[in-house]
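> Okay, predicted coordinates and the sequence, questions at the end:
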Amino acid sequence: MPENSQTVERLRPGLRERRKRLTAAELEAAALRLFGERGFDAVTVDDIAADADVSRRTFFRYFASKEDVLLADHHVQLARLREAMAARPPGEAILTALRNALLSITGDFEDRREKVILRGRIMRETPSLQARSLVHQKSWEDAMQQMVAERLGVDPVADLRPGVVAATALAAMRVAFNNWLNAGAKGDLIALTAEALDLLDGGLQLLHGD
């Protein structure tokens, strides 16, 4: 085989992967645009495929359903969280480590801001999506529980701490995000999330009733 042909053969897997990522991104962008214009329930898989200029069959190579398109970055963000948590210093307190890991994966938030706002609005306006969202939140909670358990060196079934830390951290993030959306998506979401997570590390003890 000529040298140039060998070079092309070596490059092909990378080129195929880039094309796959591009097609998935185009499908996600088309879906979000259509959901925003028409509402989630009024958009079909065929509509999304046509808007992205691919076949229905191609759509299903990338996503199992139109719900999955809306939550397309779920696995990517979770993988980033695992990497961020693993990179925290071994002696760092668990709540600090989890807080810093969670905040570190929001570094590209400004690039994703409009997408995050649109996705949040669609989720809130579509009751049929809320059950799917709960499934994804549960998978995040389970993954975070395992990360905390591994860092503490404990069994998450026998030890309450990993589950409590994961559940409360996720709840703090959810409250911060919902408050931010309810306020018109104004202000600094990352700072608000940090403030919510800080409440878990002794901040709630400082609260007093009137």
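Right, received. Where do you want to start?
> List the contacts of the spatially most central residue of the chain.
Compute the mean C-alpha point of the chain, and by C-alpha atoms, centre = their mean the closest residue is residue 74, 3.9 Å away. Residues in contact with residue 74 (C-beta atoms under 8 Å, 6 or more residues apart in numbering) are 136, 139, 140. All C-beta atoms are positioned from the backbone trio N, CA, C, and that covers glycine.
> From these, pick the one nearest residue 167.
residue 140 (10.3 Å; C-beta to C-beta).
> All the strands of the protein, residue numbers only.
Under the criterion DSSP state E, the chain contains no strands.
> where does the residue nearest to residue 72 when sequence neighbours are not counted sit relative to residue 161, distance-wise?
Distances taken as C-beta to C-beta, 6 or more residues apart in numbering place residue 28 nearest to residue 72, at 4.7 Å, with adjacent residues excluded. When distance is defined by C-beta to C-beta, to the nearest Å, residue 28 is 37 Å away from residue 161.
> Show me which of these two is the more surrounded one.
Counted by other C-beta atoms under 10 Å, residue 28 and residue 161 do not tie: residue 28 has more neighbours, with 22 against 14.
> Surely the more buried one and residue 76 touch.
No. Residue 28 is beyond contact range of residue 76, at 11.1 Å (criterion: C-beta atoms under 8 Å).
> I'd like to know which of the contacts of residue 74 is nearest to residue 127.
residue 136 (15.8 Å).
> Counting neighbours, what do you get for that closest one?
15.
> again, but for residue 78
Counted with other C-beta under 10 Å, residue 78 comes out at 16.
> Kindly state the pLDDT recorded for it?
For residue 78, the model assigns a pLDDT of 91.
> do residue 190 as well
Residue 190 is given a pLDDT of 90.
> How much space separates the closest residue to it other than its chain neighbours from residue 72?
Excluding its sequence neighbours, the residue lying closest to residue 190 (C-beta to C-beta, 6+ apart) is residue 106, at 5.0 Å. Residue 106 sits 17 Å away from residue 72, going by C-beta to C-beta.
> Ok, residue 112 next?
Taken as C-beta to C-beta, the span from residue 112 to residue 72 is 12 Å.
> Just want to know which of the two has more residues nearby.
Between residue 112 and residue 72, counted using other C-beta under 10 Å, the more crowded position is residue 72 (19 against 13).
> Surely the more buried one touches residue 29?
No. Checked against C-beta under 8 Å, the pair residue 72 and residue 29 is beyond contact range at 10.0 Å.
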